[in-house]
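[1] 3D model of this:
(one chain, ligands or ions: 1)
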Amino acid sequence: MTSATHSQVSALIRHRRSIKPVDLDSSRGVDGALLTTILEDATWAPTHGLTEPWKFLVYRGAARQRLAATMQRVYRETTPANEFREDKLQKMGENPLLAPVVIACVMERRGGAKIPEIEEIEAVACALQNLQLSATAAGLGCYWSSPPLLDVREFADWLQIGVEDRCVGLIYLGWPKPGLKWPRSVRQPVESKTRWCDD
Ligand SMILES: Cc1cc2nc3c(=O)[nH]c(=O)nc-3n(C[C@H](O)[C@H](O)[C@H](O)COP(=O)(O)O)c2cc1C
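    This is a model prediction of the structure:
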């Protein structure tokens, strides 16, 4: 097996950034074989009981317009007036068209009572990190979006997912715009997040 060195993996993990749809090249599609490899990489995530509770609904081409229109419709129909925001509505209409690929990432309940729901969601989150790292290694930009709309039943019905299933995120994916300045981010020192227990 040819494997990346630890320092290469570490560099990839630290290089990954959330790249917003506005920073993606909407005119440049993503090759289907590359997408399949990235999704396969996602499925190599750990999964308790090997339930593999993920499902990827991939929207490309005109399907993105239907996705955008549906998000706007459901947002309009289900958001209480005091929470409604015109800028959010507009973004829902724009974002899926700015990215050449939008993946609705679903936790499909597979484990029955044996595997708690949270563990199925955690497994999907692991898969989505795999997906993002694989996409980053390929030179793609991606971004995990989780608008409250994802938990609205009307939207889940449109996605045609089961009543026990949950769409945990929309991953926007595409090639970064030429010349994009790669975003920077910061993390707290790991010491502040660690308690060492040695004896
Ligand atoms: C479960 C999850 C949900 C997220 N949902 C959103 C979102 O709805 N909107 C958003 O702007 N970013 C969202 N993000 C991305 C974070 O904002 C982003 O990871 C964070 O700002 C750190 O930036 P980085 O990804 O470039 O390191 C989400 C990330 C995770 C893990």
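[2] could you use CA atoms for every contact and neighbour count after this?
    Will do.
[3] show me what the longest helix along the chain is packed up against.
    For the chain, the longest helix by residue count, based on DSSP state H, is helix 117-137. On a contact count with 3 or more Cα pairs under 8 Å, 6 or more residues apart in numbering; DSSP states H and E, helix 117-137 meets helix 6-15, helix 32-43, strand 54-60, strand 101-107, strand 141-145.
[4] redo these as a markdown table? Include mean neighbour count, mean pLDDT and distance to A127.
    What follows is the helices and strands packed on helix 117-137, written out as a markdown table (neighbours: other Cα atoms under 10 Å; pLDDT from 0 to 100; distance: least, Cα to Cα, whole Å):
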| stretch | mean neighbour count | mean pLDDT | distance to A127 |
| --- | --- | --- | --- |
| helix 6-15 | 12 | 97 | 14 |
| helix 32-43 | 16 | 98 | 4 |
| strand 54-60 | 18 | 98 | 8 |
| strand 101-107 | 24 | 98 | 10 |
| strand 141-145 | 22 | 98 | 12 |
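[5] up against the ligand, what does this structure have?
    Taking Cα under 6 Å from any ligand atom as the contact definition, the chain meets the ligand at R17, S18, W144, S145, S146, P147, S185.
[6] could you pull up phi and psi at the fifth one?
    Read that as S146. Here is the backbone geometry of S146 (degrees, to the nearest 10): phi -140, psi 60.
[7] where in this protein is pLDDT low?
    1-2 (pLDDT under 70).
[8] name the residue closest to the centre of it, please.
    Among the residues of the chain, the one closest to the centroid is I171, at 3.1 Å (Cα atoms, centre = their mean).
[9] the host helix or strand of that residue pairs with which strands, and in what direction?
    In this structure, I171 sits in strand 166-174 according to DSSP states H and E. Within its sheet, strand 166-174 is paired with strand 101-107 (antiparallel), strand 141-145 (antiparallel), according to DSSP bridges.
[10] kindly provide the distance from the residue nearest to the centre of the chain to A45.
    17 Å (Cα to Cα, to the nearest Å).
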